[in-house]
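S.K.: next comes the sequence, and after it the predicted model I'd like to discuss.
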Amino acid sequence: MAPMKVYGWVLSPWMLRVLVCLEEVGAEYEVVPMSRSGGDHRRPEHLARNPFGEIPVLEDGDLTLYQSRAIARYILRKYKPELLGLGEDGTLEEAAMVDVWVDVEAHQIENTLMPILLNCIVNKFIGRDRDQAAVDESVQKLEKLLAVYETRLSGSKYLAGDRISFADLSHFSCMRHFIVTEYAGVIDAYPHVKAWWEALLARPSVKKVMAGIPPDFGFGSGNAP
């Protein structure tokens with residue numbers, strides 16, 4: 001069977017969510033690179049794949065999917081349902097906790113980190129002024145969120161329990177970019193969060209995906225998406 005195809009640019013945090021899941025399960029896949037600045041996501045052929053003009057998009061045979069968390073869940077259900085708390089070793093309670101912390105990541109962490117990433121990474125490279133007030137507000141929100149994570153992770157190694165799951169892997173996307181900002185040290189004040197994050201960074205799947213991200217996000221080399 002032909003490998004799955006993933007359309008998008010590898011610097012996107014939403015693309016990273018899909019790639020780390022593909023690597024975690026050992027699936028065969030091919031990245032079809034696109035250019036955001038070139039408007040590839042607005043071309044008719046891509047709009048036929050995703051009418052919202054977003055990335056990533058996954059093609060697996062006749063199936064086409066968009067929305068990064070939906071794509072990731074499909075990959076995990078197909079290859080390693082235990083990462084969703086499903087299968088013979090899973091329980092209803094574990095699956096529910098996976099869903100809880102994926103939702104927390106989607107509605108709390110991502111929304112809090114994005115102003116930091118945009119102002120500290122993207123704006124720096126494209127010449128836009130930093131909105132420091134927005135950054136400061138987000139850092140304060142992040143500290144409150146990390147206190148909640150610290151409490152959770154003081155009672156279990158991972159977010160859904162004592163084994164890795166999609167709840168943890170999903171956090172890699174935006175957190176990966178956050179750790180190259182000057183605010184990465186915020187995590188140090190939360191020892192259980194720091195240990196959890198370091199364990200995630202040590203996974204071969206995460207290391208491989210990180211190796212494909214240039215330190216300057218492609219801006220210095222002219223290879224920005």
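M.R.: Yep, that arrived.
S.K.: tell me where this structure is predicted with low confidence.
M.R.: 215-225 (pLDDT under 70).
S.K.: any idea which helix or strand carries the most centrally placed residue in the chain?
M.R.: Closest residue to the average C-alpha location of the chain: residue 173 at 2.0 Å, with CA atoms, centre = their mean. Using DSSP states H and E, residue 173 sits in helix 172-178.
S.K.: how about residues contacting that helix?
M.R.: Residues outside helix 172-178 that contact it (CB atoms under 8 Å, 6 or more residues apart in numbering): 13-14, 16-17, 20, 68, 109-110, 113-114, 116-117, 121, 184, 197, 200, 206, 209-210, 213. Yep, even glycine has a C-beta here, placed from its N, CA and C like the rest.
S.K.: buried ones among those residues?
M.R.: 13-14, 16-17, 20, 68, 109-110, 113-114, 116-117, 121, 197, 200, 206, 209, 213 (16 or more other CB atoms under 10 Å).
S.K.: filter those down to the ones in helices?
M.R.: Members of these lying in helices (criterion: DSSP state H): 13-14, 16-17, 20, 68, 110, 113-114, 116-117, 197, 200, 206, 209.
S.K.: flag every buried residue along the single longest helix found in the chain.
M.R.: Counting by DSSP H, the longest helix found in the chain is helix 132-153. The neighbour-count check on helix 132-153 (16+ other CB under 10 Å) flags 135, 138-139, 141-142, 145-146, 149-150, 152-153 as buried.
S.K.: closest to residue 162 out of those residues?
M.R.: Nearest to residue 162 out of the buried residues of helix 132-153 is residue 153 (CB to CB; 11.0 Å).
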